[in-house]
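**Q** all I have is the shape, not the residue letters:
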């Protein structure tokens, strides 16, 4: 099959090779569109539908890989200029229908992937999703030899576990100079975009330094929690994302009920920020290889100097460690219970059920001996579960079996949740229960 004369890039001269290979691709595209156009999911048994999801996901991975690396070639050859676009990102956004900011990120990620042969090969073969390839390419940018190990890890681990490992790899190769350079690069490229879609709905997209993001995230979550508590008292139940939007609007309007902490007389809430830092780094003033200084939940290190500056601007929780040992937990209150909760959240940053990577709205569970049966409120008897799995354990006969780090979740009949070979995350829990 030859190249269609109606293709959008018809103005460019095509080689014989591309005409042949491209023709096959366009044929496959037309077949796929024909299949999906006539697709009636209701005709398939559930098990067959699950197989189709896997097949569609594989097609999607291959399509995204081809799109990004082809777009990278467009950028290299300046084709976008010939078509009147100011940048390759602007051209990509016009072709894909995505925001320009996302296209900028896509092209930056494509460059990193393209420059790492191991990641590039795995990405093109469909072994890695775009998100996995981005993480691995970034983590192995300064140590390409780590890429093969991370690609192998991606095949059987969850995405959150892969991100954690990639973060550890980056920390191991970072110097204080690298850290400062990366931070300044992020600071200089910060932005906030506002736009309205065809339905009239408002959208926001932002990029900022990890400490700035920590302040915004912490304050939003505090206000959202208060809104959630109010909604629960009134018998209303909405998604966590909806409460975060309400929190943002409330913060922007400065409408009263969110304004003070325990003893603050300020008209605005001081953000409550948690910092995880290795003791030697805190004493030294900068991180050495393998050390950590970060805001939990934000997958980017924070310069120790920046962390120190936050102390005067926020109620602070410090989780200080040396190696794998917790040295101390410093909180904004004197309550032992608060320190215990911090230690628990540090150990169980996501739901303890294997394969569940829910990190928001987690609930404390007395997993060995129930509280009502005299179970201790101690780190050894506590675990963090998402609302969905907490409900299953509390009301539906499921059991959590430890120890921490080797959790199993066992049903009434001895069954365990099924995890896909790729370790994909479960559907997001949309309700705060």
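**A** All right, it came through fine. A quick note: this is a predicted structure, and the numbers were derived from the prediction, not measured.
**Q** any stretches of the stretch 251-400 of the chain with poor pLDDT?
**A** Applying pLDDT under 70 to the stretch 251-400 of the chain picks out residues 253-273, 296-300, 309-339.
**Q** can you map out the helices along the stretch 251-400 of the chain?
**A** Counting by DSSP state H, counting those that start in this stretch, the stretch 251-400 of the chain has helices at residues 279-284, 304-310, 336-347, 387-395.
**Q** just checking, next helix/strand downstream of the helix of greatest length in the chain?
**A** Longest among the helix segments of the chain by residue count, using DSSP state H, is helix 46-77. Per DSSP states H and E, the first helix or strand lying C-terminal to helix 46-77 is helix 79-82.
**Q** could you point out which element follows that next one?
**A** Next along from helix 79-82, by DSSP H and E: helix 88-96.
**Q** residue contacts, residue 171?
**A** The neighbourhood of residue 171, defined by Cβ atoms under 8 Å, 6 or more residues apart in numbering, consists of 287, 289-292, 301. In short, each C-beta sits where N, CA and C put it, glycine included.
**Q** which SSE is immediately downstream of the helix or strand hosting it?
**A** Per DSSP H and E, residue 171 falls inside helix 159-173. Toward the C-terminal end, the helix or strand that comes next after helix 159-173 (DSSP H and E) is helix 176-188.
**Q** list the buried residues in that next one.
**A** For helix 176-188, burial by neighbour count (16 or more other Cβ atoms under 10 Å) applies to 176, 179, 182-183, 186.
**Q** ok so, going back, tell me which of the helices of the stretch 251-400 of the chain lies nearest to residue 379.
**A** Proximity of those to residue 379 was assessed by Cβ to Cβ; the nearest stretch is helix 336-347, lying at 5.9 Å.
**Q** surely residue 41 is in contact with residue 49?
**A** Yes - counting by Cβ atoms under 8 Å, residue 41 sits close enough to residue 49 to count as a contact (6.1 Å).
**Q** so if I had to pick from these two, which one is more boxed in?
**A** Counted by other Cβ atoms under 10 Å, residue 41 and residue 49 do not tie: residue 49 has more neighbours, with 12 against 8.
**Q** need the per-residue pLDDT for the more buried one.
**A** At residue 49, the pLDDT value in this model is 90.
**Q** mind checking the end-to-end distance for stretch 378-385?
**A** Distance between the two ends of stretch 378-385: 16 Å, counting by Cα to Cα, to the nearest Å.
**Q** and the pLDDT at residue 121?
**A** Confidence for residue 121, expressed as pLDDT, is 91.
**Q** now it: which helix or strand?
**A** Using DSSP H and E, residue 121 falls within helix 117-124.
**Q** what's the first helix or strand after that helix?
**A** Moving toward the C-terminus from helix 117-124, the next helix or strand (DSSP H and E) is helix 130-139.
**Q** what are the buried residues along that next one?
**A** Of the residues in helix 130-139, those buried (16+ other Cβ under 10 Å) are 130, 132-139.
**Q** next: stretch 280-289.
**A** Neighbour-count burial for stretch 280-289 flags 281-282, 286-287 (criterion: 16+ other Cβ under 10 Å).
**Q** which member of these is positioned nearest residue 84?
**A** residue 287 (46.1 Å).
**Q** residue contacts, the closest one?
**A** By Cβ under 8 Å, 6+ apart, the residues touching residue 287 are 171, 174, 176, 179, 278, 281, 293, 301, 303-304.
**Q** need the max-distance pair from the buried residues of helix 176-188.
**A** Greatest spatial distance among the buried residues of helix 176-188 (Cβ to Cβ): 176 and 186, at 16.0 Å.
**Q** can you classify residue 194 as helix, strand or coil?
**A** When the structure is split into helix, strand and coil by DSSP: H, G, I helix; E, B strand; the rest coil, residue 194 lands in strand.
**Q** run a quick neighbour tally on the closest residue to it other than its chain neighbours.
**A** Nearest in space to residue 194, with sequence neighbours left out and distances taken as Cβ to Cβ, 6 or more residues apart in numbering, is residue 204 at 5.9 Å. Residue neighbour count, defined by other Cβ under 10 Å, stands at 10 for residue 204.
**Q** my read: residue 204 touches residue 192, true?
**A** Yes - counting by Cβ under 8 Å, residue 204 sits close enough to residue 192 to count as a contact (6.8 Å).
**Q** and the residue positioned nearest the centre of the chain, what pLDDT?
**A** The residue lying closest to the centre of the chain (Cα atoms, centre = their mean) is residue 160, at 7.5 Å. Per-residue confidence at residue 160 stands at 79 (pLDDT).
**Q** quick check: closest non-adjacent residue to it.
**A** The shortest distance from residue 160 to any residue that is not its chain neighbour, by Cβ to Cβ, 6+ apart, is 4.1 Å, and that residue is residue 357.
**Q** what is the mean pLDDT for the helix or strand containing residue 150?
**A** Using DSSP H and E, residue 150 maps to helix 147-154. Across helix 147-154, the average pLDDT comes to 89.
**Q** show residues contacting it.
**A** Helix 147-154 is touched from outside by 116, 118-119, 122, 127-128, 132, 135-137, 139-140, 161-162, 165-166, 169, 422, with contacts defined as Cβ under 8 Å, 6+ apart.
**Q** residue 117 versus the nearest residue in space to residue 285 that is not next to it in sequence, what's the distance?
**A** Using Cβ to Cβ, 6+ apart and skipping the chain neighbours, the partner closest in space to residue 285 is residue 304 (5.6 Å). As judged by Cβ to Cβ, to the nearest Å, residue 304 and residue 117 stand 35 Å apart.
**Q** looking at those two, which is more packed in?
**A** Between residue 304 and residue 117, counted using other Cβ under 10 Å, the more crowded position is residue 304 (22 against 11).
**Q** isn't the residue nearest to residue 160 right next to residue 158, touching?
**A** Yes - applying Cβ under 8 Å, one finds residue 357 in contact with residue 158, separated by 5.5 Å.
**Q** who touches the residue lying closest to residue 186 once chain neighbours are set aside in this structure?
**A** Across the structure, with Cβ to Cβ, 6+ apart as the measure, the residue nearest residue 186 apart from its sequence neighbours is residue 209 (5.1 Å). When contacts are counted by Cβ under 8 Å, 6+ apart, residue 209 is found next to 183, 186-187, 190, 306.
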